[in-house]
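Trainee: Just a sequence and a predicted model for now, questions to come.
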Amino acid sequence: MSRKARLGGPNGDGDEQGEDPFDNLEIIWDLTDRFTMPEVVDQMVDLDPQQLIWGSLRTILKSDHQMLIYIKSVHHQEVKAQKA
């Protein structure tokens, strides 16, 4: 079953948003099925649980570093703009 979620009516008015698509489990499972890469899941199933945990931790730490870099660069740009 394919469903589309849209915010607002035909004119794009966001005041009447209707049902929250994230409350619909069918939509969530449909999206999960579409974006899950079966070959990656198969590889992960064969991993040792410790390898899986360390791999996940590495991914989380990497994204945390990327966020900190972004925040720091935004702060640097704000300081630069205030000096100008």
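Mentor: On my side now, so go ahead.

Trainee: Please enumerate the helices of the chain.
Mentor: 25-35, 38-45, 49-83 (DSSP state H).

Trainee: what's the shortest one in contact with?
Mentor: Translated: helix 38-45. Applying Cβ atoms under 8 Å, 6 or more residues apart in numbering, the contact partners of helix 38-45 are Leu52. C-beta coordinates here come from the backbone N, C-alpha and C atoms, glycine included.

Trainee: what angle separates it from helix 49-83?
Mentor: If you take axes from the mean of the first three to the mean of the last three Cα atoms, to 10 degrees, helix 38-45 sits at 120 degrees to helix 49-83.

Trainee: and helix 38-45, average pLDDT?
Mentor: Averaging pLDDT along helix 38-45 yields 78.

Trainee: Give me the distance from it to the chain's centre.
Mentor: 20 Å (Cα atoms, centre = their mean, to the nearest Å).

Trainee: now the last one
Mentor: Relative to the mean C-alpha coordinate of its chain, helix 49-83 is positioned 15 Å out (Cα atoms, centre = their mean).

Trainee: start the count at 744, not 1, going forward
Mentor: Understood, numbering begins at 744; the last thing we discussed is helix 792-826.
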